[in-house]
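Participant: just a sequence and a predicted model for now, questions to come.
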Amino acid sequence: QVQLVESGGGLVQAGGSLRLSCATSGRTFSNLLMGWFRQAPGKEREFVGANTRFGNTGYADSVKGRFAISRDNAKNTLYLQMNSLKPEDTAVYYCAAAARAWSSRQDDYAYWGQGTQVTVSS
């Protein structure tokens, strides 16, 4: 089992920045594929990006160049640095974990946090 707890969400103006954190426990964090997903009101949950056990990252086109995922294996924590935020980035952001090499499909992630709200005002 893996427990995930997100933090760092809030209200920010367009063009601003936020950093989300995802604290994990329960399994060896360094062995996990870690992903970020988001769900905007009235929309399906979508892939934001992921960080592999080897530290490689991949992102959705909508956030590429603005968002950056990193991990601190010593702290068992995943981060999502969000810059140049836009109103369309408003969503609940979820951290997820998978015991596989790579996936952008939410069905492949077995463990999920409760989500943290990010609201970007125009």
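Facilitator: Received, thanks. Numbers count the residues shown, from 1 in each chain.
Participant: what sits closest to residue 2 if chain neighbours are left out?
Facilitator: Distances taken as Cβ to Cβ, 6 or more residues apart in numbering put residue 111 closest to residue 2, at 4.0 Å, once the chain neighbours are dropped. All C-beta spots, glycine's among them, are computed from the backbone N, C-alpha and C.
Participant: who touches the residue nearest to the spatial centre of the chain in this structure?
Facilitator: Central residue of the chain (Cα atoms, centre = their mean): residue 36, 2.4 Å from the mean position. Contacts here follow Cβ atoms under 8 Å, 6 or more residues apart in numbering; on that basis residue 36 touches 20, 22, 48-50, 67, 69, 78, 80, 93-96.
Participant: rerun that using 7 Å as the cut-off
Facilitator: 48-49, 69, 80, 93, 95 (Cβ atoms under 7 Å, 6 or more residues apart in numbering).
Participant: cool, residue 25 as well?
Facilitator: By Cβ under 7 Å, 6+ apart, the residues touching residue 25 are 3, 76.
Participant: mind checking how far it is from residue 45?
Facilitator: With the distance defined as Cβ to Cβ, to the nearest Å, residue 25 ends up 23 Å from residue 45.
Participant: and for residue 36?
Facilitator: On the measure of Cβ to Cβ, residue 36 and residue 45 end up 11 Å apart.
Participant: swap in residue 95?
Facilitator: 12 Å.
Participant: do the same with residue 32
Facilitator: From residue 32 to residue 45 the distance is 19 Å (Cβ to Cβ).
Participant: looking only at neighbour counts, state which of those two leads.
Facilitator: residue 32 (25 against 16; other Cβ atoms under 10 Å).
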